[in-house]
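Colleague: The sequence and its predicted three-dimensional model are supplied below.
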Amino acid sequence: MTAKTFEKINHIAIIYLFILLLVSCGQHKKDFKQETSFVDIGGAQKLCTYMGGEGENTVVFESGLGVDGSTWLESGVFDSIGKDNQVIAYDRQGYGKSTAANDTRGMQALVADLDIVINKKSKNSKVIIVGHSLGGAIARAYAIQHPDKVKALLFIEPNNENFKQYATMDQAHEDTLVQQFTSAKMTGAAMESAQLIENVIFFKKLSTLPDIPVIVITSTKTDSEMTEENVKDWLLAHESLGKGITSFTHIKTDKSGHFVYLEDPNLVIDYIIKLLK
């Protein structure tokens, strides 16, 4: 056998072993599987949770007003992050498959339900919370009240009391929202809407966030409601979340509107991964 022939055979053998290694790795990599289960929160009340994945990180997704937890599954963000991490989403009371609430749905009640979900479902001692809109406000309140349980935060278009449209909301506007959700038979959203003015007062009295990594994503798209002036105010309100935070990143995007995670899921996935690293 010539040296050239031996070299060729050796090269083929290396390629073959490399292919076997790739196949082996593929066989051992676990496919993402999502499961639905329920959490008892007292009496006959139950919260529907969506879970999947495993790893040293747990990412909890908190939805906005009028949207249940399955929205994260539909976006593709849930299963993408869940390939290497535990992921949890859930329907708040009165949403989706969860039972309707029998009490007011103020911020403190929403934080309490999130705490139950995290305590009963998280496999890790600390979680990363991704919150959209009202869900961002819930995540913020939770992190302030339970700093020992939160590793990092990703806010997507979060409600904020410093935004003038929220700060100046009157009772007539709130009542209109409640009526609209009630007519649409969206019980959870109607009950949460009835507490929006109280939420502004709640946050004005709340302390600042703990010094953990925080990323905020803000849409700068303009429309009839989000005028250029309102967008500037929206940006300033979100910038205020960085007070006292050592690792704070504020991302602005004009590629999507309020529902960034549905319109540009890859952007959200990228910044969740940054927090995971």
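Modeller: Now that the structure is in, tell me what you want to look at. Numbering: from 1, shown residues only.
Colleague: Show me where the chain has its strands.
Modeller: For the chain, the strands defined by DSSP state E occupy 34-40, 46-52, 58-62, 86-90, 127-132, 150-156, 214-219, 248-253.
Colleague: Let's have the ones you listed in CSV, adding mean neighbour count and mean pLDDT.
Modeller: The C-beta positions use only the backbone N, C-alpha and C, and glycine is treated the same way. Formatted as CSV, the strands of the chain follow (neighbours: other CB atoms under 10 Å; pLDDT from 0 to 100):
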stretch, mean neighbour count, mean pLDDT
strand 34-40, 13, 96
strand 46-52, 21, 98
strand 58-62, 27, 98
strand 86-90, 27, 98
strand 127-132, 28, 98
strand 150-156, 24, 98
strand 214-219, 23, 98
strand 248-253, 16, 98
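Colleague: Throw those strands into TSV and include distance to residue 170, thanks.
Modeller: TSV is the format used below for the strands of the chain (distance: least, CB to CB, whole Å):
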stretch	distance to residue 170
strand 34-40	36
strand 46-52	32
strand 58-62	27
strand 86-90	32
strand 127-132	25
strand 150-156	26
strand 214-219	25
strand 248-253	30
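Colleague: Select, out of those, the one closest to residue 174.
Modeller: strand 127-132 (20.5 Å; CB to CB).
Colleague: Between strand 86-90 and the closest one, find me the angle.
Modeller: 40 degrees (axes from the mean of the first three to the mean of the last three CA atoms, to 10 degrees).
Colleague: what residues does strand 127-132 touch?
Modeller: By CB atoms under 8 Å, 6 or more residues apart in numbering, the residues outside strand 127-132 that reach it are 57-64, 67, 77, 88, 118, 137-140, 142-143, 149-158, 259-261, 268, 272, 275-276.
Colleague: Partner strands of that strand and their direction?
Modeller: Sheet pairing for strand 127-132, assigned by DSSP bridges, gives strand 58-62 (parallel), strand 150-156 (parallel).
Colleague: export these to a markdown table and tack on distance to residue 123?
Modeller: Supplementary listing: the strands paired with strand 127-132 in a markdown table, determined by distance: least, CB to CB, whole Å:
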| stretch | distance to residue 123 |
| --- | --- |
| strand 58-62 | 6 |
| strand 150-156 | 13 |
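Colleague: Would you mind measuring from residue 51 to residue 123?
Modeller: As for residue 51, its distance to residue 123 is 9 Å (criterion: CB to CB, to the nearest Å).
Colleague: who touches both of these two?
Modeller: residue 86.
Colleague: Ok, which of the strands of the chain comes nearest residue 179?
Modeller: Comparison of the strands of the chain against residue 179 by CB to CB identifies strand 127-132 as nearest, at 23.7 Å.
Colleague: where's residue 235 relative to residue 43, distance?
Modeller: 43 Å.
Colleague: Of the two, give the one with the bigger neighbour count.
Modeller: Shown here are residue 235 and residue 43; by other CB atoms under 10 Å, residue 235 has more neighbours (17 against 8).
Colleague: Check whether that one really touches residue 218, as I assumed.
Modeller: Yes: counting by CB atoms under 8 Å, residue 218 is a contact partner of residue 235 at 5.7 Å.
Colleague: what do these two both touch?
Modeller: By CB under 8 Å, 6+ apart, residue 235 and residue 218 have these common neighbours: 250, 252.
Colleague: how about the helices in the stretch 1-150 of the chain?
Modeller: Applying DSSP state H, counting those that start in this stretch to the stretch 1-150 of the chain gives helices spanning 3-28, 70-75, 77-81, 107-121, 134-145.
Colleague: mean confidence for stretch 94-101?
Modeller: Mean per-residue pLDDT for stretch 94-101: 97.
Colleague: Now do that stretch: distance from first to last residue.
Modeller: Terminal residues of stretch 94-101 are spaced 6 Å apart (CA to CA, to the nearest Å).
Colleague: Pull out the buried residues from that stretch.
Modeller: Buried residues in stretch 94-101, counted by 16 or more other CB atoms under 10 Å: 94-99, 101.
Colleague: And it, how far out from the chain middle?
Modeller: 19 Å (CA atoms, centre = their mean, to the nearest Å).
Colleague: Show me what that stretch is in contact with.
Modeller: Against stretch 94-101 from outside (CB under 8 Å, 6+ apart): 36, 38, 44-48, 63, 67-70, 90-93, 105, 109, 186-192.
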